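A.B. asks: Take this sequence and fold it.
(one chain, ligands or ions: 1)
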Amino acid sequence: MDDLREKYIGQIRDAADEAALEAVRLAAVGKKGEVALKMRELGKMTPEERQVAGPKLNALKDEINSAIAARKAALEDAALEARLRDEWLDVTLPTRTRRVGSIHPISQVTEEVTAIFADMGFSVAEGPQIETDWYNFDALNIPGHHPARAEMDTFYMHRAEGDDRPPHVLRTHTSPVQIKAMEATGAPLRAICPGRVYRADYDQTHTPMFNQVEGIAIDRDISMANLKWCLEEFCRAFFEVDEIELRFRASHFPFTEPSAEVDIRCSWEGGTLKLGEGDDWLEILGSGMIHPKVLQAGGIDPDQWQGFAFGMGIDRIAMLKYGIPDLRAFFDSDLRWLRHYGFGALQAPARHAG
Ligand code: DAH
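C.D. replies: Coordinates of the predicted model:
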């Protein structure tokens with residue numbers, strides 16, 4: 001009996017895992033285990049012998065069982081310890097900042113422009129990139145013979161042989177969306193219309209596809225003063241320069257009367273552009289009071305309503321704000337360029353602090 005105890009208690013102590021422990025349990029106190037076999041031998045004993053051996057065997061069985069339970073608990077504790085050690089992680093570590101892809105400067109700037117005008121109560125309107133010549137030209141007071149049509153380097157869509165309807169065009173500006181917005185909501189109206197436009201032109205500052213944002217505000221007494229305030233407010237917020245100065249230069253557009261081109265004061269000292277100081281002026285947009293004929297084309301009564309409009313190159317203001325020298329690089333899809341000039345997905349668009 002002492003040999004049995006020594007043997008099994010030793011094996012239990014040495015069992016390295018739960019499977020080994022179970023094997024020891026079966027060999028010792030399982031139905032066919034050594035202790036069970038000894039129990040069976042009790043029958044052959046004399047009653048006196050049995051009285052001594054019986055309780056001893058039972059005690060041995062209990063002792064082995066509790067040693068197994070204790071070892072099992074110890075093994076489980078050790079396994080849990082090991083798991084906790086292996087799976088430990090420091091939840092206070094900073095997150096990884098490696099970027100997966102980046103936001104194109106055009107998308108970022110469009111978001112910024114949208115955010116700033118949204119603060120001034122402008123909603124966003126969109127229109128198709130393939131337009132009828134009516135929306136792109138006629139409705140904007142550019143009739144068929146008007147030189148502005150030729151100046152725009154328009155891409156005309158192909159028509160089937162024998163179809164003499166005027167061809168569709170790739171819109172040459174975002175101004176046709178003015179008309180669509182007027183038709184959709186009527187007056188009063190405040191909207192910006194960002195999007196792609198197309199012209200057959202290509203050099204360092206021109207690409208056949210580029211981006212514009214149109215703005216319109218129509219109400220009973222909107223004036224040039226509102227236009228000026230709005231654009232100044234926008235430029236301060238967008239360029240993040242408080243001392244911004246704009247110059248309104250009399251100009252001509254068929255869809256506005258009066259019309260003005262807007263320049264921003266800047267300096268090129270040391271080859272770097274600074275806004276709001278210096279003696280140079282950089283043109284950033286065209287604007288004016290919406291021509292009565294244009295209001296009419298959009299279904300709005302020019303005797304009741306008036307408004308301003310402006311059109312701005314998104315690519316151009318992106319180049320100015322982020323110091324990007326060549327417009328063509330915007331559309332090259334060069335990964336190194338995108339990594340350098342792109343934005344992280346969580347970088348919020350800049351908002352006016354004031
Ligand atoms: N559509 C003009 C262009 O693409 C820009 C423009 C000028 C838009 C004056 C306007 C405006 O709304 O009032 O060159």
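A.B. asks: Quick check: phi and psi on the residue lying closest to G278 once chain neighbours are set aside?
C.D. replies: Using CB to CB, 6 or more residues apart in numbering and skipping the chain neighbours, the partner closest in space to G278 is S267 (2.2 Å). In short, each C-beta sits where N, CA and C put it, glycine included. Main-chain torsions, S267, degrees, to the nearest 10: phi -130, psi 150.
A.B. asks: show me the contacts for S267.
C.D. replies: 273-274, 277-280 (CB atoms under 8 Å, 6 or more residues apart in numbering).
A.B. asks: Swap in 7 Å and give it another go.
C.D. replies: 274, 277-280 (CB atoms under 7 Å, 6 or more residues apart in numbering).
A.B. asks: Kindly report the same for E18.
C.D. replies: E18 neighbours (CB under 7 Å, 6+ apart): 72, 75.
A.B. asks: and it, how far is that from the ligand?
C.D. replies: For E18, the distance to the ligand equals 78 Å [CB to the nearest ligand atom, to the nearest Å].
A.B. asks: Likewise for D203?
C.D. replies: In terms of CB to the nearest ligand atom, D203 sits 17 Å off from the ligand.
A.B. asks: mind checking the longest helix of the protein?
C.D. replies: Looking across the chain with DSSP state H, the single longest helix is helix 47-86.
A.B. asks: Regarding E214, what is its secondary structure?
C.D. replies: Counting by DSSP: H, G, I helix; E, B strand; the rest coil, the backbone at E214 sits in strand.
A.B. asks: Would you confirm that it contacts G311?
C.D. replies: Yes - between E214 and G311 there is a contact at 5.1 Å, judged by CB atoms under 7 Å.
A.B. asks: Quick check: neighbours shared by those two?
C.D. replies: Joint contacts of E214 and G311 (CB under 7 Å, 6+ apart) are 174-175.
A.B. asks: Can you name every helix or strand that the helix or strand just after the longest helix of the chain contacts?
C.D. replies: Going down the chain from helix 47-86, the next helix or strand is helix 105-119, by DSSP states H and E. Using 3 or more CB pairs under 7 Å, 6 or more residues apart in numbering; DSSP states H and E as the contact test, the elements touching helix 105-119 are strand 189-198, strand 209-219, helix 224-239, helix 314-322.
A.B. asks: Can you get me the centre-to-centre distance for the helix or strand following the third one and its chain?
C.D. replies: To tie it back to what came earlier, the one meant is helix 224-239. Using DSSP H and E, the helix or strand that follows helix 224-239 towards the C-terminus is strand 246-253. Relative to its parent chain, strand 246-253 has a centroid offset of 36 Å by CA atoms, centre = their mean, to the nearest Å.
A.B. asks: Same check on stretch 4-14?
C.D. replies: Worked out by CA atoms, centre = their mean, stretch 4-14 lies 66 Å from the chain centre.
A.B. asks: in it, what's buried?
C.D. replies: 5, 8-9, 11-12 (16 or more other CB atoms under 10 Å).
A.B. asks: just stretch 97-108 next, same as before
C.D. replies: 102-108.
A.B. asks: Quick one, which of those residues has the minimum pLDDT?
C.D. replies: Minimum pLDDT across the buried residues of stretch 97-108 is recorded for S102, with 86.
A.B. asks: Name the spans of the protein whose pLDDT lies under the cut-off.
C.D. replies: 99, 348-354 (pLDDT under 70).
A.B. asks: Give me every residue in it that's in contact range of the ligand.
C.D. replies: Proximity of the chain to the ligand is confined to 173, 175, 214, 253, 255-256, 286-288, 309-311 under the rule CB under 6 Å from any ligand atom.
A.B. asks: Most widely separated two among these?
C.D. replies: Pairwise distances across the residues of the chain next to the ligand (CB to CB) peak at 13.8 Å, for the pair H173 and G288.
A.B. asks: re earlier: name whatever forms a beta bridge with the residue nearest to G278.
C.D. replies: K274 (DSSP bridges).
A.B. asks: Perfect, that will be all.
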